[in-house]
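Novice: Below are the sequence and a predicted model for it; my questions follow.
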Amino acid sequence: MKENKLTVPDEIVMNKIYFIRDQKVMLDRDLAALYGVETKVLKQAVKRNMERFPEDFMFEMTEAELQNWRSQIVTSNSDKMGLRYLPFCFTEQGVAMLSSVLNSKKAIEVNIQIIRIFTKIRQMLVDNTELRLEIEKIKKKLDNQGKNMELVFQYLDELLEKKVSAKPIKQIGYKLPKKK
């Protein structure tokens, strides 16, 4: 089995994945650059095949989302970043569907790579979630221990107060004669 040579470094693809509408998405212009086609060509292919791209596969970014996205990646509002139109945002399923719309060898190779990266990201999130849950368990145990320690110190303080406020107790037992 021949191993496919990666066409784009994984880091570049990962840096093109954004979190919009609580979903990991890639923008049309980034995908077009990865596929080696113009954004206009990609958008035309998608518009000719809209039935393949339901809302959970692809959506058009709103003006407010575009402004928020620009502010997140620290660019000035005057800089349109080559965006004359609101970009299409493709979810993982939408990226997979693009390979059937853009029927080129490069598009298929890049899609395979992107899907693998989405899978890696999902696995990292699962691993982080498991780690976060373990940390929460430890925090709860520490909180309980802290509460228990507070209770112990409270009881000790009460005992000390009782000892200080108590009348002196007459000692009992044998008295030794004093030496001369």
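Specialist: Okay, I see it.

Novice: residue boundaries of the helices in the protein?
Specialist: 10-14, 28-35, 39-48, 63-72, 92-101, 105-165 (DSSP state H).

Novice: The ones you listed: which one's closest to Lys179?
Specialist: In terms of C-beta to C-beta, the element of these nearest to Lys179 is helix 105-165, at 31.8 Å. Using the backbone N, CA and C atoms, a C-beta is placed for each residue, glycine as well.

Novice: Please name whichever of the helices of the chain is nearest to Lys175.
Specialist: helix 105-165 (24.2 Å).

Novice: just checking, what packs against the closest one?
Specialist: Identification of packing neighbours for helix 105-165 by 3 or more C-beta pairs under 8 Å, 6 or more residues apart in numbering; DSSP states H and E yields helix 10-14, strand 17-20, strand 23-27, helix 28-35, helix 92-101.

Novice: Among those, which comes closest to Lys120?
Specialist: So among the helices and strands packed on helix 105-165, helix 10-14 is nearest, using C-beta to C-beta, at 7.9 Å.

Novice: that older thread, may I see the helices and strands packed on helix 105-165 organised as JSON lines, with distance to Ile172 added?
Specialist: JSON lines is the format used below for these (distance: least, C-beta to C-beta, whole Å):
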{"stretch": "helix 10-14", "distance to Ile172": "80"}
{"stretch": "strand 17-20", "distance to Ile172": "77"}
{"stretch": "strand 23-27", "distance to Ile172": "79"}
{"stretch": "helix 28-35", "distance to Ile172": "89"}
{"stretch": "helix 92-101", "distance to Ile172": "83"}
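
Novice: And the most centrally placed residue in the chain, how far from Arg132?
Specialist: Note on the chain: the residue nearest the mean C-alpha position is Leu125, at 6.4 Å, using C-alpha atoms, centre = their mean. Distance of Leu125 to Arg132, given as C-beta to C-beta, to the nearest Å: 10 Å.
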